[in-house]
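1. Predicted model and sequence follow; I will ask about them next.
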Amino acid sequence: MTSYGIAAVVCPVPNRRKGYARHMLRLLHYVLAPRDKLPPFPEAWGAPPEENLGDAHFSILYSGIGKDYYATCTIGEKEPGWVYPGMLTRVWDAKQEVEVDQEGWEWLGLEGILALEPEMSRRIERDVQATPEGQKPRIAVLPYP
């Protein structure tokens, strides 16, 4: 499935709080998704974007401001836009107090982490494929293409 990741939405300081970012994300639905899966483009918004990739099954939006704002970036005039379906995450809080020379453990720098990414991608892909099929799509954001 084709999907897109939106990493940041930034407006220049003089243009903030005027609705530009929200409207840009509204328009983005009409650039990424198949038009036949969307409500009609609202006349009040002007002309629809000329560009239409039309192949997105879903998108991942990384947010620094929380989920509530992005739901207001509607699809059409009323349908909630970017919604947060919930997700599972794993976080390891690596404290500096941990002894580096513990048997079986090794502290990794950036080079060590980058070297692990291809193998981690293979493992994640294998685990997702081994999960029984359900009614919902399964995705994994891989650290390496």
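-> Yep, that arrived. Source: prediction; values computed, not measured.
2. Identify each buried residue in the helix or strand of the chain with the lowest mean pLDDT, please.
-> Least confident helix or strand, the chain: helix 67-71 with a mean of 81, by mean pLDDT, DSSP states H and E. Buried residues in helix 67-71, counted by 16 or more other CB atoms under 10 Å: residue 70. The C-beta positions use only the backbone N, C-alpha and C, and glycine is treated the same way.
3. Please write out the alpha-carbon positions of that helix in CSV.
-> Output in CSV follows, covering the C-alpha atoms of helix 67-71 (Å, rounded to 0.1, in the frame of the first residue of the first chain):
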residue,chain,number,x,y,z
LYS,A,67,-4.0,15.0,18.1
ASP,A,68,-6.9,17.4,18.7
TYR,A,69,-5.7,20.2,16.3
TYR,A,70,-5.2,17.8,13.4
ALA,A,71,-8.7,16.4,13.5
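4. Can you list the low-confidence ranges for this protein?
-> For the chain, residues meeting the criterion pLDDT under 70 lie at 87-102, 135-137, 143-145.
5. Number of residues surrounding residue 17?
-> The tally of other residues near residue 17 (other CB atoms under 10 Å) stands at 8.
6. Helix or strand: which one has it?
-> According to DSSP states H and E, residue 17 maps onto no helix or strand at all.
7. picking up where we left off before, mind listing residues that contact the least confident helix or strand of the chain?
-> 22, 25, 61, 63, 80, 81, 82, 83, 84 (CB atoms under 8 Å, 6 or more residues apart in numbering).
8. With only the CA atoms kept, save the helix or strand following that helix in CSV.
-> Per DSSP H and E, the first helix or strand lying C-terminal to helix 67-71 is helix 110-130. Extracted C-alpha coordinates of helix 110-130, given in CSV (Å, rounded to 0.1, in the frame of the first residue of the first chain):
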residue,chain,number,x,y,z
LEU,A,110,25.0,6.8,15.9
GLU,A,111,27.2,4.6,13.7
GLY,A,112,26.2,1.5,15.7
ILE,A,113,22.6,2.3,15.5
LEU,A,114,22.7,3.0,11.7
ALA,A,115,24.5,-0.4,11.2
LEU,A,116,21.5,-2.1,13.0
GLU,A,117,18.8,-0.5,10.9
PRO,A,118,18.7,-2.9,8.0
GLU,A,119,18.5,-6.0,10.3
MET,A,120,15.8,-4.3,12.4
SER,A,121,13.8,-3.5,9.3
ARG,A,122,13.9,-7.1,8.2
ARG,A,123,12.8,-8.3,11.7
ILE,A,124,9.9,-5.8,11.9
GLU,A,125,8.8,-6.7,8.4
ARG,A,126,8.9,-10.4,9.2
ASP,A,127,7.0,-9.9,12.5
VAL,A,128,4.3,-7.8,10.7
GLN,A,129,3.9,-10.4,8.0
ALA,A,130,3.7,-13.2,10.6
